[in-house]
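Q: Whatever this is, show me its structure:
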Amino acid sequence: MADMLELIKQCAVSAVDASRPVAFEVGTVAAEKPLKVFIDQKKVLDAEFLVVPEHLTDKEVEVDGKYDTGITADHAHEVTIKKLVIKNALKTGETVLLMRMQGGKKYIVFDRVVRL
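A: Numbering: from 1, shown residues only. Purely as a prediction, here's the structure:
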């Protein structure tokens, strides 16, 4: 009976390994356009294998309003801003946290990793 239980455990572990469950990895941005990330010397991910969230991209945001520069109370200027450009795309050399999706074909770039 103990042998049967051990066989069932081994089958379960093999099934999980074969499905390539979700896993976290750390990589380094090798190129910006097109995006390329090194996980190690043998594994390089091209843009087609990466899912990048919006907060890790450059984007233009349309705003409507007047803003006080707030320099001093007696010397202030109002400025009108129509478009705001947010530059937050990944840069070469940055370290990123990746999550391998189920099946192991695509990776989600979770965020930058900052070393303190």
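Q: Residue 34: neighbouring residues, count only.
A: Using other C-beta atoms under 10 Å, residue 34 is surrounded by 9 other residues. C-beta: built from backbone N, CA, C; applies to glycine.
Q: Residue 98 now?
A: Burial measure for residue 98: 23 neighbouring residues, criterion other C-beta under 10 Å.
Q: so what pLDDT did it get?
A: Residue 98 carries a pLDDT value of 95.
Q: part of a helix, is it?
A: No. Looking at residue 98 with DSSP: H, G, I helix; E, B strand; the rest coil, it is strand, so not inside a helix.
Q: Report the separation between it and residue 83.
A: Distance of residue 98 to residue 83, given as C-beta to C-beta, to the nearest Å: 32 Å.
Q: do residue 52 as well
A: Distance, residue 52 to residue 83, using C-beta to C-beta: 22 Å.
Q: cool, residue 114 as well?
A: From residue 114 across to residue 83, the span is 29 Å (C-beta to C-beta).
Q: can you pull out the strands in this structure?
A: 23-31, 36-40, 43-46, 50-51, 59-68, 78-86, 95-100, 107-112 (DSSP state E).
Q: what's next to the shortest one, contact-wise?
A: I take that to be strand 50-51. 35, 37, 101, 106, 107, 108, 109 (C-beta atoms under 8 Å, 6 or more residues apart in numbering).
Q: quick one: strands adjacent to that strand?
A: Using DSSP bridges, the strands paired with strand 50-51 are strand 107-112 (parallel).
Q: How about the partner strand, which residues are buried there?
A: For strand 107-112, the neighbour count (16 or more other C-beta atoms under 10 Å) marks 107, 108, 109 as buried.
Q: Excluding sequence neighbours, find me the nearest residue to residue 86.
A: residue 59 (5.4 Å; C-beta to C-beta, 6 or more residues apart in numbering).
Q: my guess is that neighbour contacts residue 84, does it?
A: No. When contacts are counted by C-beta atoms under 8 Å, residue 59 is not listed as touching residue 84 (9.2 Å).
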